[in-house]
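Asks: Here is a sequence with its predicted model. Questions after.
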Amino acid sequence: MKIATWNVNSLKVRLPHVLDWLATNQPDVLCLQETKQEDLKFPSDELDRAGYQAVFSGQKTYNGVAIVCKAKPADVVCGITGFTDEQKRLIAATVLGIRVVCIYVPNGQSVGSDKYQYKLAWLAALHAWLKEEILRYPKLALLGDYNIAPEDRDVHDPQAWVGNVLVSGPERDALHEIERIGLHDCFRQFEQPEKSYTWWDYRMMAFRRNMGLRIDHILLSAPLAKSCTACTVDRAPRKLERPSDHAPVVAELAAY
DNA sequence: ATGGCTTCATAGTGAAGA
């Protein structure tokens, strides 16, 4: 079983890339973030023609998440239960016996800002909700754009970024708290190339110079982590004309 | 160098992303 996550930065603009990527890679599950699309405009027909179903929670201009999959998704939940939030940042569904949770964590803008406080509050609410969710669904995968680089090796220039949003201590602590529930960053279960990143700024030719951050992750509960045989970043779509600024992250699960 | 691009909502610019 192949599961993946990709912040597409507008599904309307990136739909051709997404369809090409699905055709080439044939994932069983693809989680999307920043669809920036109202549900009425979601491209269900195009995905259906590509052999995929989808569940989605979107809004105009900002945010928006979706789970695209070959098999039928069940028990769909949108948003963090008990956390009032206008912004569409979480969708969960059961696919082939696995609880798939797709998240778009707030960016946080800058340390100390209102948006930073919202990011930390959102992460705290996610943590509280996941603690229960993983008891209900022991086979749980948390995929998405976390907007957090877990360690300095996930940052192209740690000195330039020290204390900045996406790498600050409280954000990293919040991610570690989520991992302590029993969710494992499967990317680090395997030998990886030096300077592996998932996001590169559009400006300054950042991709060509590999000035990136690893902020998109796949966290797996213990039973799934045990069955994980590979996790990779696919840089190919970032090289296309008019790319998303994020690259897909892909994990392979044996026996599922 | 606190910018640099890209998208969206707009109809000339401004917000937001990371």
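Replies: Everything's here; your move.
Asks: In the stretch 51-200 of chain A, what residue comes closest to DNA strand B?
Replies: A:N107 (3.2 Å; CB to the nearest atom of the strand). (C-beta placed from N, C-alpha, C; glycine too.)
Asks: didn't that residue look like it was pressed against A:V165?
Replies: Yes. In terms of CB atoms under 8 Å, A:N107 counts as a neighbour of A:V165; the distance is 7.2 Å.
Asks: So for A:S196, what's the pLDDT?
Replies: Listed pLDDT for A:S196 reads 97.
Asks: roughly how far apart are the residue nearest to A:A74 when sequence neighbours are not counted and A:G144?
Replies: Distances taken as CB to CB, 6 or more residues apart in numbering place A:T94 nearest to A:A74, at 4.7 Å, with adjacent residues excluded. Distance of A:T94 to A:G144, given as CB to CB, to the nearest Å: 17 Å.
Asks: ok, now A:R214?
Replies: For A:R214, the distance to A:G144 - CB to CB - is 13 Å.
Asks: on that earlier part again, quick one: which helix or strand includes the residue of the stretch 51-200 of chain A closest to DNA strand B?
Replies: Secondary structure from DSSP states H and E places A:N107 outside every helix and strand.
Asks: tally of neighbours for the closest residue to it other than its chain neighbours?
Replies: Nearest non-adjacent residue to A:N107, counting by CB to CB, 6+ apart: A:N147, 5.2 Å away. The number of residues packed near A:N147 is 23, by other CB atoms under 10 Å.
Asks: same question, A:R136
Replies: 9.
Asks: A:K131 too?
Replies: 14.
Asks: Am I right that it sits in a helix?
Replies: Yes. Using DSSP: H, G, I helix; E, B strand; the rest coil, the secondary structure at A:K131 is a helix.
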